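Asker: Turn this into a model:
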Amino acid sequence: MSAMLLIRALRDPDSIASLSGDAWNGLIAAARAERLIGTLAFRLEGIAVPDAVLPILDDARAEAARERALTLWEADRARVALAHLGVPVVLLKGTAYAAAGLSAGRGRFIGDLDILVPRDALDDVEAALLAAGWEWVKPDPYDDAYYRQWMHELPPLIHRERDRMIDVHHTILPLTARQTPDAAAMLADSVMLEDGLRVLSAEDRICHAAAHMLADGDLAGGLRNLWDIDCLLAELPEGAQLQERAARHGLRAHVRQAVRLAAHVYGAGAALRVADRMIVARLLARNGWGQETRKILRFGFYLRSHWLRMPPGMLARHLFTKWRKGHRPG
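Answerer: Residues are numbered from 1 along each chain as shown. All right, here's what the predicted structure looks like:
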């Protein structure tokens, strides 16, 4: 399977030495599908690869560097737009990894700019961003109301000139989720960078990554998210209180599961539980061309992601409303 080729290449770059042409096709296809092509390119830097592969990896490294520059510039534009408010602005996910110089950011695909701000500052942050050129992506009244009442973030915004999106979070999981992370503690213990922007503490970065992967999604992009976790764990400072911090956020089970999965997939191996094996099966559901397979399993995780987010009655109403509006899971 192409997903296993990708895992092996990331875990042990020297493993690519014996790959056939078809295997290289599968590896590149899976890396692109999982948005790990930049990460793979940097992992294979300095290692001999077929001549036909060289320009692909060179282009991926160049695109990753370009994306990193654009992302950091967008973060700086948000910093400028919000500076007069005097509130902490915490970078999340890929932007945070890049800004902090973490290994998880090396070659990483970075999509939207994600930030965390205090909930009581949301109105002021929203007004400041709108004044600075951002505008709403979702004009639908149902989606707008749903975000504002139940979600952990404002409806997404996009800048009218730069065409870059920003997601403004006030916590890291939907308000309807079973877990209630301590967003105030995350803000209080965040680390300031030289430009005045902030990133989560080392422990909270892992808690957030685990929550994002295991408590707030259908495992799409799971290999990339798990690579983030593996890199963050490798850079966790000695003496860090990860499990204690996870317990504070109600995420101990998710963090422990993330640690097991990272060790099994990208490390030396770890014993897995039944639920872990289902997740691994979902992560590996790609054929030799990098296309997703096991549609029933993927649909099951789609339903699971919504089940984790909201009570059954609310879930049924939400899915019916989305279905009526034409949304169909992939």
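
Asker: ok, which stretches of the stretch 101-250 of the chain are strands?
Answerer: Assigned by DSSP state E, counting those that start in this stretch, the stretch 101-250 of the chain shows strands spanning 113-116, 134-136, 157-159, 165-169, 191-192, 198-199.

Asker: Over to Asp112: give its phi and psi.
Answerer: phi -80, psi 160 (degrees, to the nearest 10).

Asker: Got the confidence number for it?
Answerer: We have a pLDDT of 92 for Asp112.

Asker: quick one on the thing from earlier: closest to Ala270 out of the strands of the stretch 101-250 of the chain?
Answerer: Ranking the strands of the stretch 101-250 of the chain by proximity to Ala270 (Cβ to Cβ) places strand 198-199 first, at 27.6 Å. Placement of C-beta: from N, CA and C, glycine included.

Asker: How about residues contacting that closest one?
Answerer: Identification of contacts with strand 198-199 by Cβ atoms under 8 Å, 6 or more residues apart in numbering yields 88-91, 96, 99-100, 190-193, 205.

Asker: at 10 Å what do you get?
Answerer: Residues from elsewhere that reach strand 198-199, judged by Cβ atoms under 10 Å, 6 or more residues apart in numbering: 88-92, 95-97, 99-100, 102, 115-116, 186-187, 189-193, 205.

Asker: Just checking: what are the partner strands of it?
Answerer: Sheet pairing of strand 198-199 (DSSP bridges) gives strand 90-91 (parallel), strand 191-192 (antiparallel).

Asker: hey, which of the ones you listed is tucked in deepest?
Answerer: strand 90-91 (a mean of 24; mean count of other Cβ atoms under 10 Å).

Asker: Next SSE downstream of it?
Answerer: Using DSSP states H and E, the helix or strand that follows strand 90-91 in sequence is helix 93-99.

Asker: and that following helix, average pLDDT?
Answerer: Averaging pLDDT along helix 93-99 yields 98.

Asker: Just name whatever secondary elements it is in contact with.
Answerer: helix 54-82, strand 90-91, strand 113-116, strand 165-169, strand 198-199, helix 202-214, helix 222-234 (3 or more Cβ pairs under 10 Å, 6 or more residues apart in numbering; DSSP states H and E).

Asker: got TSV for the ones you listed, with distance to Leu284 too?
Answerer: Listed next are the helices and strands packed on helix 93-99 as TSV, based on distance: least, Cβ to Cβ, whole Å:
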stretch	distance to Leu284
helix 54-82	22
strand 90-91	31
strand 113-116	27
strand 165-169	29
strand 198-199	31
helix 202-214	15
helix 222-234	9
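
Asker: and Arg256, which of those is closest to it?
Answerer: helix 202-214 (8.7 Å).

Asker: just the helices in the stretch 201-330 of the chain please.
Answerer: 202-214, 222-234, 242-248, 252-265, 274-283, 295-309, 312-324 (DSSP state H, counting those that start in this stretch).

Asker: circling back: mark which of the contacts of strand 198-199 are buried, thanks.
Answerer: Neighbour counting over the contacts of strand 198-199 (16 or more other Cβ atoms under 10 Å) leaves 88-92, 95-97, 99-100, 102, 115-116, 186-187, 190, 193, 205 as the buried ones.

Asker: hey, which of the strands of the stretch 101-250 of the chain is tucked in deepest?
Answerer: For the strands of the stretch 101-250 of the chain, the largest average neighbour count (mean count of other Cβ under 10 Å) is found in strand 113-116, namely a mean of 26.

Asker: how close does the residue nearest to His212 when sequence neighbours are not counted sit to Lys93?
Answerer: The shortest distance from His212 to any non-neighbouring residue, by Cβ to Cβ, 6 or more residues apart in numbering, is to Asn225 (6.4 Å). If you measure Asn225 against Lys93 using Cβ to Cβ, to the nearest Å, the figure is 9 Å.
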